[in-house]
Structures are given as structure tokens and as C-alpha cells.
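# what shape does this take:
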Amino acid sequence: MFRQKQEINNLLQQILDAALLLLAFWGAHTLRTAWTEWFNLEVQIPPFSRHLWMVLIIVPFGPLFLGMQGFYQHPLQKNPGRSLSQILRALVWLGLLVGVCVMFLRLELPSRSVLILFVLGGTLLLLAKDYFFRMRASHLAAHGKLSEPVLLAGLPEDMERLVASFTVAQKLQLQVVGRFDISAEPLSELAELLHRHSVTRVIFAAAHGQLDRVQAAIEACETEGVEAWMMADFIRTAIARPTFDMLGEHPMLVFRTTSDASWELLAKRVLDIVGSVAGLGLLSPVFLAVAIAIRVSSRGPVLFRQQRGGLHGRPFTMYKFRSMVVDAEMRKTALVELNKMEGPVFKVDSDPRVTRFGHWLRTTSLDELPQLYNVLRGEMSLVGPRPLPLDEIARIESRAQRRRLSVPPGLTCLWQISGRNEITSFDEWVRLDLAYIDTWSLWLDIKILLRTIPVVLSGLGAR
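Numbers count the residues shown, from 1 in each chain. Predicted coordinates for the structure are as follows:
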């Protein structure tokens with residue numbers, strides 16, 4: 001299935017799953033209330049209105065967690081066991097989110113039995129829907145109703161290479177009914193093939209040296225009202241993914257190394273806002289205690305402000321609790337020989353500029369907490385490559401290493417949970433950052449956040 005159809009299909013399935021989860025929750029409450037009447041139980045179940053806050057979590061986040069588990073991918077290659085595993089993992093994350101709201105937002109959990117019945121009912125409904133859709137897709141595929149007739153046009157070797165790259169799903173969805181050698185056959189033959197096979201689209205696979213012939217062939221498709229798709233692999237990229245966009249009236253082939261605007265990126269920003277607001281609110285007593293301790297233990301401001309490189313290196317003011325003496329920046333040049341990091345980054349073991357209380361702040365990572373304000377402002381994210389000072393960014397010589405600036409910097413990252421100060425090679429640090437960028441997903445952010453908690457509590461790699 002082509003990308004646009006897949007996205008529409010996934011959206012419709014997510015809407016349906018949200019409705020099924022709502023039905024399962026309402027059914028669980030109705031059934032539990034009925035049990036109280038049938039068996040004359042003393043424990044009364046609160047009205048459905050008391051459960052509405054959970055509905056506001058279950059309906060939007062249920063499909064999101066299902067999507068994170070790959071529930072909507074490769075429907076023809078799934079089996080009931082895999083679907084059950086994905087559903088249960090999504091419901092576990094949904095339960096954890098409800099638990100977080102109960103613990104930190106002090107929301108009421110009216111009935112545990114309703115939640116248990118919801119999990120059972122929701123699992124059964126989602127499994128039944130998934131089974132129905134899978135059986136329907138298999139039936140359509142077996143009768144050839146999922147496939148559409150397409151025509152290949154281009155050089156013979158390019159067309160052969162394209163067909164060889166088709167996945168199992170693509171072979172079910174595309175029926176190649178003819179091939180047109182763009183270098184040897186006249187355009188009249190292309191028109192004849194279009195008429196003979198009633199194709200829905202023509203896929204062009206040709207080297208860039210044939211672009212004049214391709215243009216004429218596309219014009220013929222345009223006249224016939226047939227879609228023309230053109231392979232863009234004549235421009236070789238190792239990492240960037242090509243997409244199509246419009247600049248005014250001009251069609252543009254766009255090569256991106258980071259994720260395009262999507263619901264998942266929007267969810268990441270929502271997570272940043274919710275996490276930073278919750279962190280600033282819940283940790284406000286800690287902020288106050290740390291501020292007082294810094295004032296008492298050393299002279300100087302409570303906060304340390306420094307210009308760091310944000311998205312694409314754009315400068316912003318990053319905030320930290322001050323853990324060093326006031327003139328730390330001026331004393332930096334005298335410690336250059338003690339730098340333990342290879343590359344442009346400056347790191348010193350047992351830094352003499354760190355105050356006694358500052359050492360404890362760094363060990364517990366409490367000095368980083370004010371960056372929640374940077375996250376709230378949108379200058380940083382909860383998860384992303386750590387921001388570097390502007391002078392260190394200026395010393396980065398490798399263009400590949402600068403790609404770590406292609407996403408917003410973060411409060412924590414793979415480097416942070418992989419030993420941080422135990423890593424002395426900037427190349428290794430960048431390798432972890434680029435691995436995060438190239439494999440990014442909302443699920444990866446959540447895993448990094450969860451792994452950050454024990455790392456911070458144990459002080460692993462902190463100095």
C-alpha cells in the first residue's frame with residue numbers, strides 16, 4: 001500500500017480503535033454496576049462521570065500507544081499472537097499513564113475492577129477487530145483485489161532492479177502488466193500499453209541521462225489522465241530520506257535526515273510541555289532548597305547562564321544551578337591541559353572550579369533541573385543531544401558531527417544513560433547522538449526517559 005493510502009488507513013483504524021476502547025470502558029463500568037445489583041454487593045460503583053478523566057486519557061493515548069508498538073504496520077504479515085502482544089504492551093503503558101496521573105496529579109481512581117474489566121474487554125475487542133481486518137485483507141489479496149495494474153517505464157536494467165526490490169506486501173499490491181523501454185520504444189507504444197491494460201499509474205525507473213525522454217513520457221501520461229511516479233534514486237544519499245513538497249508553484253524533491261512534521265513529533269512536544277510543567281511544579285520545593293544551599297555555601301548567583309547551541313546551532317541561553325566558582329569561565333584556559341575529552345569538548349576530572357556543594361549537585365544531576373524552563377520555552381526537549389557551548393560548536397570540524405545539531409538539544413540522551421563522563425571520545429558521543437537521530441521515535445524517547453531515572457539516582461558516570 002502506498003504511503004498516503006497507508007496513512008489514511010492507519011488514521012481510520014486509530015479512530016476506530018479509540019471508539020472501541022471507549023466502548024470497552026463504558027461496557028466495563030456498565031457490567032460492574034450491573035454486578036452490584038445482581039449479587040446485592042455492598043460496594044457501590046461510582047457513576048460514570050467520576051471516570052471521565054480516564055476516558056480523556058484512554059481515547060487519545062490508546063491508539064497512540066498501539067501505534068508505538070507497531071500495531072498498524074504490515075497487516076498481512078501479522079498473526080494473533082503478535083497482535084495480542086502489541087495490545088497488551090500498549091495497555092500496560094496506558095495503565096502506567098493512568099497511574100502517573102493518580103500519583104502525581106492526585107486524580108481519583110474510583111474503581112480498580114472497572115479498569116480490570118476494561119483491559120479484558122478492550123483486548124478482546126481490539127483482537128476481534130484486528131482479526132476481521134486481517135482476514136478481509138487476506139481474502140482481498142487472495143482474489144487479487146488488493147493489487148492494481150501498473151506499467152513500468154525506463155531502462156531495462158533499472159526496471160529489473162526495481163521489481164527485484166519489491167517486498168512481499170508490494171508484490172500483492174502491484175501487478176506489473178507491462179514494461180516500456182524508454183530508450184528504444186516510441187511514445188506511441190506507451191500510449192498503446194496504457195489503453196491495452198487500463199493501468200492506474202506508470203512507474204518510471206530511468207537514469208538521469210534519460211530525463212528528456214522521461215519528461216515526454218510523463219506528458220503523455222498527463223494527457224491520458226494516468227498517474228506518473230518517478231524513482232528519485234538517481235540522486236544517491238546515504239542517510240537523507242527523499243520527500244516531495246511544493247515551494248509556491250514549484251515542485252520540490254526534499255531530502256531530510258530528520259523526521260518530517262508528524263503527529264509523533266507533535267506528541268513529543270506535548271510530552272515536553274507536560275513533563276516540564278509537571279517537573280517545575282512538583283520539584284519547586286527542591287528548587288527552593290537548592291537555591292538556598294547555593295547562597296549559603298558560596299558567593300555568587302544561584303543560576304548559571306551560558307549561551308549554548310540549539311537547533312541548527314542557533315544560540316540560546318541555557319540555565320543551570322551554579323555548581324562552580326563565579327570566575328570559572330576565566331579560569332578555564334588554565335585547565336586546558338587537563339582536558340580528558342578527545343575533540344572540541346572540554347571535560348576535566350576533579351575540576352578545581354567546582355564548589356563542594358556543586359560537586360553534590362553534579363553527582364545527583366540536580367544542577368540540570370532549571371533546563372526544564374528551557375524545555376518549556378521550546379529551546380530544548382526532554383530528550384535530545386546535549387547542548388554544547390558556542391565556542392565548542394565552533395571547533396567542530398567534521399560536517400558529519402554537526403548533524404547532531406539537526407534536532408533540538410535535550411535534557412537527557414543516549415550519551416547521558418551510557419556512562420556520560422566515562423566516555424572520553426567525542427566521536428563516540430556523536431555516534432550515540434546520531435544513532436538517536438537516525439532511529440528516533442516517541443517510544444525511544446520514553447525508553448530513554450525511563451532509563452534516565454535509575455542512572456540519575458545511582459549517579460552513574462556523573463562527576
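
# helices or strands up against whichever helix or strand L97 is part of?
Assigned by DSSP states H and E, L97 belongs to helix 80-104. Packing contacts for helix 80-104, counted by 3 or more Cβ pairs under 8 Å, 6 or more residues apart in numbering; DSSP states H and E, involve helix 52-68, helix 112-142. (Glycine included, C-beta is placed from N, CA and C.)

# just name the most buried of those helices.
helix 52-68 (a mean of 19; mean count of other Cβ atoms under 10 Å).

# can you show me the CA trace of that helix as CSV?
Extracted C-alpha coordinates of helix 52-68, given in CSV (Å, rounded to 0.1, in the frame of the first residue of the first chain):
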residue,chain,number,x,y,z
LEU,A,52,-14.4,10.7,32.7
TRP,A,53,-10.8,11.8,33.3
MET,A,54,-9.6,8.3,32.5
VAL,A,55,-11.7,8.4,29.3
LEU,A,56,-9.8,11.6,28.3
ILE,A,57,-6.6,9.6,28.6
ILE,A,58,-7.7,6.3,27.2
VAL,A,59,-9.3,7.6,24.0
PRO,A,60,-6.3,9.7,22.6
PHE,A,61,-3.4,7.8,24.1
GLY,A,62,-4.7,4.3,23.5
PRO,A,63,-4.3,4.4,19.7
LEU,A,64,-1.0,6.3,20.1
PHE,A,65,0.5,3.5,22.3
LEU,A,66,-0.8,0.9,19.9
GLY,A,67,0.9,2.7,17.0
MET,A,68,4.1,2.8,19.0
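
# and it with helix 112-142, angle?
30 degrees (axes from the mean of the first three to the mean of the last three Cα atoms, to 10 degrees).

# how far out from the middle of the chain is helix 52-68?
Averaging C-alpha positions (Cα atoms, centre = their mean, to the nearest Å) puts helix 52-68 17 Å from its chain's average.

# give me the contacts around that helix.
Residues outside helix 52-68 that contact it (Cβ atoms under 8 Å, 6 or more residues apart in numbering): 10, 13-15, 17-18, 21-22, 25, 72, 86-87, 89-91, 93-94, 97-98, 101, 107, 115, 118, 122, 126, 263, 267, 441-443, 446.

# so among these, which ones count as buried?
For the contacts of helix 52-68, a burial check counting by 16 or more other Cβ atoms under 10 Å picks out 10, 13-14, 17-18, 21, 25, 72, 86-87, 89-91, 93-94, 97-98, 101, 115, 118, 122, 126, 267, 442-443, 446.

# hmm, back to that, contacts for the helix holding L97 next, please.
53-54, 57-58, 61-62, 65-66, 68-71, 107-109, 115, 119, 122-123, 126-127, 130-131, 134, 278, 282, 446.

# got the angle between it and helix 112-142?
Using the same axes, to 10 degrees: helix 80-104 against helix 112-142 is 150 degrees.

# average pLDDT for helix 80-104?
Mean pLDDT, helix 80-104: 89.

# cool, and stretch 263-273?
Computed over stretch 263-273, the average pLDDT equals 88.

# now it: buried residues?
Under 16+ other Cβ under 10 Å, the buried positions of stretch 263-273 are 264, 267-268, 271-272.

# same question for stretch 30-37.
Within stretch 30-37, the residues that count as buried by 16+ other Cβ under 10 Å are 31-33.

# ok, stretch 287-298 next?
287, 290-291, 293-294, 298.

# narrow the residues you listed to those in helices?
Judged by DSSP state H, these include 287, 290-291, 293-294 as members of helices.

# and the helices in the stretch 251-400 of the chain?
Using DSSP state H, counting those that start in this stretch, the helices of the stretch 251-400 of the chain run over 263-282, 284-297, 356-364, 371-377, 390-394, 399-402.

# can you list contacts of the third one?
Counting by Cβ under 8 Å, 6+ apart, the neighbours of helix 356-364 from elsewhere in the structure are 290, 293-294, 297-298, 321-324, 354, 367, 456, 459, 462-463.

# which strands or helices does the helix or strand hosting E192 pack on?
Using DSSP H and E, E192 falls within helix 187-197. When contacts are defined as 3+ Cβ pairs under 8 Å, 6+ apart, helix 187-197 packs onto strand 148-154, strand 174-181, helix 211-224.

# thanks a lot, see you next time.
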